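A.B. asks: here are the coordinates; sequence isn't available:
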């Protein structure tokens with residue numbers, strides 16, 4: 001099964017980036033189709049970078065999770081160690097192959113298609129979750145109502 005190019009209007013995620021290597025001459029192709037999306041990065045770093053990193057089996061207790069964002073047409077999340085990996089919005093778990101962090105929740109938008117459409121409408125294809133503290137476009141705070149001079153106490 002040969003890899004096919006993505007359409008120009010596709011946002012890349014783990015399932016479309018972390019693909020098995022091409023088969024060696026005379027050998028069957030590797031089948032990663034049954035590997036969950038969040039775990040594909042571990043298979044990829046093993047063959048691509050030679051790292052033997054075990055897939056996490058535990059969750060980081062009480063971790064609030066990391067926000068997924070679209071970065072130049074790719075779904076990514078950034079670990080607390082600074083490493084960023086492409087993620088699967090269909091398998092919302094994040095583990096880091098760099099620092100070997102266990103699973104944390106991956107916070108994805110409720111409407112994934114709308115987020116992708118919003119990013120595709122931009123020249124560089126960026127999108128941040130509105131609640132993500134790393135979002136460079138933070139909502140403006142609502143202005144405070146001026147105090148009513150009639151209700152203020154007179155000395």
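C.D. replies: It's in. Please read all numbers here as calculations on a predicted model, not as lab measurements. Residues are numbered from 1 along each chain as shown.
A.B. asks: For the chain, which segments count as strands?
C.D. replies: Secondary structure of the chain (DSSP state E): strands at 66-67, 69-71, 74-78, 84-86, 93-96, 101-107.
A.B. asks: can you tell which of those strands is closest to residue 127?
C.D. replies: Residue 127 lies closest to strand 69-71 among the strands of the chain, at 3.9 Å (CB to CB). Yep, even glycine has a C-beta here, placed from its N, CA and C like the rest.
A.B. asks: Can you tell me which helices and strands the closest one packs against?
C.D. replies: Counting by 3 or more CB pairs under 8 Å, 6 or more residues apart in numbering; DSSP states H and E, the packing neighbours recorded for strand 69-71 are strand 74-78, helix 112-120.
A.B. asks: how many degrees apart are the shortest one and helix 112-120 in direction?
C.D. replies: Here strand 74-78 points in a direction 100 degrees away from that of helix 112-120 (axes from the mean of the first three to the mean of the last three CA atoms, to 10 degrees).
A.B. asks: Can you check what angle separates strand 74-78 from strand 101-107?
C.D. replies: 120 degrees.
A.B. asks: So what touches strand 74-78?
C.D. replies: With contact meaning CB atoms under 8 Å, 6 or more residues apart in numbering, strand 74-78 is reached by 11-14, 17, 66-70, 84-89, 94, 106, 134.
A.B. asks: ok, back up a step: what about the strands of the chain, which gets the closest to residue 118?
C.D. replies: So among the strands of the chain, strand 69-71 is nearest, using CB to CB, at 8.4 Å.
A.B. asks: Any idea how many residues pack against the closest residue to residue 53 other than its chain neighbours?
C.D. replies: Closest residue to residue 53 apart from its sequence neighbours, by CB to CB, 6 or more residues apart in numbering: residue 97 at 4.7 Å. Residues lying near residue 97 (other CB atoms under 10 Å) number 20.
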